[in-house]
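Chemist: Okay, structure incoming, though there's no sequence with it:
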Ligand SMILES: [Zn+2]
């Protein structure tokens with residue numbers, strides 16, 4: 001059990017919210033809060049952060065959407081994203097490029113005309129790099145100053161600093177919008193998806209992935225699921241994600257498991273806190289034979305949804 005003072009937060013940086021999908025206020029606790037983190041915000045909100053969720057997870061009794069409540073205020077969170085450096089995240093650039101090449105194969109089957117693509121929360125721009133090589137015109141934005149700067153130097157892509165809303169893109173500016181590992185971090189996912197819809201051309205494609213709390217792996221692992229992280233505010237299922245997409249004017253084309261490629265050494269490092277001794281032994285073996293840089297497929301219950309803007 002947590003006390004009232006832990007719900008309010010010692011610093012007054014917390015807020016309570018209603019359901020972002022249906023506006024419901026009748027909320028059931030799924031996982032109660034545990035000991036709150038003392039880590040500095042720029043450490044908690046790194047792209048490669050793997051700090052476990054400490055705040056309480058609730059479910060809306062009307063629509064089933066699951067989210068963190070109470071939670072840190074949006075301005076506090078955004079400050080955490082803006083600052084800080086992330087060498088661990090960019091160390092995986094080549095494996096990420098492989099993930100994105102696979103994703104682009106899928107996108108190009110549905111959007112054969114290689115027009116203007118926007119990647120929101122592009123981090124260091126690995127996706128845009130792959131897309132540009134394949135003939136797309138690319139744009140991207142990223143709140144973290146350090147990651148955006150790394151992408152500019154490495155790929156020569158002009159990554160705009162700040163959030164999607166800070167960019168003020170024109171209506172219907174893009175043929176495709178991609179949102180990789182971002183939606184679960186936003187404080188207003190429905191507003192965010194609505195902005196994606198606005199900047200897409202009619203018939204344009206939105207590609208968004210989420211940690212899927214309805215996936216078999218999430219249900220099997222329960223509170224030990226790797227995606228229950230302090231940086232993740234929303235926990236979608238295929239149903240709640242599909243409902244939210246429809247609500248803002250998208251038609252869902254398909255949903256499928258989202259498999260990433262990562263370096264084996266990185267997977268083992270991130271799995272260590274959960275896998276314990278077995279993972280540590282595996283890590284020694286992998287380093288011993290020099291296989292840490294090997295690319296391996298990695299799936300921990302992620303789902304990707306491809307939708308089309310109606311109209
Ligand atoms: Zn709801």
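Modeler: Yep, that arrived. Model, not experiment: these values are computed from the prediction.

Chemist: how close does the spatially closest residue to residue 39 that is not a sequence neighbour get to residue 229?
Modeler: The shortest distance from residue 39 to any non-neighbouring residue, by CB to CB, 6 or more residues apart in numbering, is to residue 51 (6.3 Å). Any C-beta I mention is one placed from the backbone N, CA and C, and that applies to glycine too. Counting by CB to CB, to the nearest Å, the separation of residue 51 from residue 229 is 6 Å.

Chemist: between these two, which one's more packed in?
Modeler: Under the criterion of other CB atoms under 10 Å, the comparison of residue 51 against residue 229 puts residue 229 first, with 18 against 15.

Chemist: hang on, the more buried one packs against residue 53?
Modeler: Yes - in terms of CB atoms under 8 Å, residue 229 counts as a neighbour of residue 53; the distance is 5.8 Å.

Chemist: Isn't residue 70 up against residue 14?
Modeler: Yes - under the criterion of CB under 8 Å, residue 70 makes contact with residue 14 at 4.6 Å.

Chemist: Run through the residues that contact residue 234.
Modeler: 20, 65, 66, 67, 68, 183, 184, 186, 189, 210 (CB atoms under 8 Å, 6 or more residues apart in numbering).

Chemist: Relative to residue 152, how far out is it?
Modeler: 30 Å.

Chemist: swap in residue 298?
Modeler: Residue 298 is 27 Å from residue 152, by CB to CB.

Chemist: circling back: which among the contacts of residue 234 end up buried?
Modeler: With burial judged by 16 or more other CB atoms under 10 Å, the buried subset of these is 20, 65, 66, 67, 68, 183, 184, 186, 189, 210.

Chemist: ok, and which of these reach the ion?
Modeler: residue 65 (CB under 5 Å from the ion).

Chemist: Could I get the buried ones among the contacts of residue 234 in TSV, plus columns for secondary structure and distance to residue 198?
Modeler: Compiled in TSV, the buried ones among the contacts of residue 234 are given as follows (DSSP: H, G, I helix; E, B strand; the rest coil; distance: CB to CB, whole Å):
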residue	secondary structure	distance to residue 198
20	coil	18
65	coil	22
66	strand	26
67	strand	23
68	strand	26
183	helix	16
184	helix	21
186	coil	15
189	helix	15
210	strand	20
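
Chemist: Which member of the buried ones among the contacts of residue 234 is positioned nearest the ion?
Modeler: When the buried ones among the contacts of residue 234 are ranked by distance to the ion (CB to the ion), residue 65 comes first, at 4.8 Å.

Chemist: Please work out the average pLDDT along stretch 72-85.
Modeler: Averaged across stretch 72-85, the pLDDT comes to 83.

Chemist: oh, I was asking about stretch 24-36
Modeler: 92.

Chemist: Show me how far that stretch is from its chain's centre.
Modeler: From the chain centre to the centre of stretch 24-36 is a distance of 21 Å (CA atoms, centre = their mean, to the nearest Å).

Chemist: Same question for stretch 192-199.
Modeler: Offset of stretch 192-199 from its chain centre (CA atoms, centre = their mean): 16 Å.

Chemist: Ramachandran coordinates for the residue lying closest to residue 61 once chain neighbours are set aside?
Modeler: Spatial nearest neighbour of residue 61, chain neighbours left out: residue 26 (4.3 Å); criterion: CB to CB, 6+ apart. In terms of degrees, to the nearest 10, the main-chain angles of residue 26 are phi -90, psi 100.

Chemist: what does the one 5 residues further on give?
Modeler: Comment: the main-chain dihedrals of residue 31 come out as phi -130, psi 120, following degrees, to the nearest 10.

Chemist: Make sure it is actually in contact with residue 59.
Modeler: No - Residue 31 lies out of contact with residue 59 (CB under 8 Å); the separation is 9.9 Å.

Chemist: Now do stretch 119-129: everything it contacts.
Modeler: By CB under 8 Å, 6+ apart, the list of residues contacting stretch 119-129 reads 47, 89-90, 93, 96-97, 100, 103, 117, 131, 138-144, 147-148, 150-152, 154-155, 157, 159, 164, 177-182, 185, 196.

Chemist: Could you list the low-pLDDT ranges of this structure?
Modeler: 1-11, 36-37, 42-43, 45-49, 270-292 (pLDDT under 70).

Chemist: What count of nearby residues applies to residue 149?
Modeler: The tally of other residues near residue 149 (other CB under 10 Å) stands at 15.

Chemist: Enumerate every residue touching the residue nearest to residue 61.
Modeler: 60, 61, 62.

Chemist: How about residue 308?
Modeler: 203, 204, 205, 206, 250, 251, 253.

Chemist: Out of those, list just those in strands.
Modeler: 203, 204, 205, 206, 250, 251, 253 (DSSP state E).

Chemist: in the sheet, who's paired with the fourth one?
Modeler: Using DSSP bridges, the beta-bridge partners of residue 206 come out as residue 177, residue 307.
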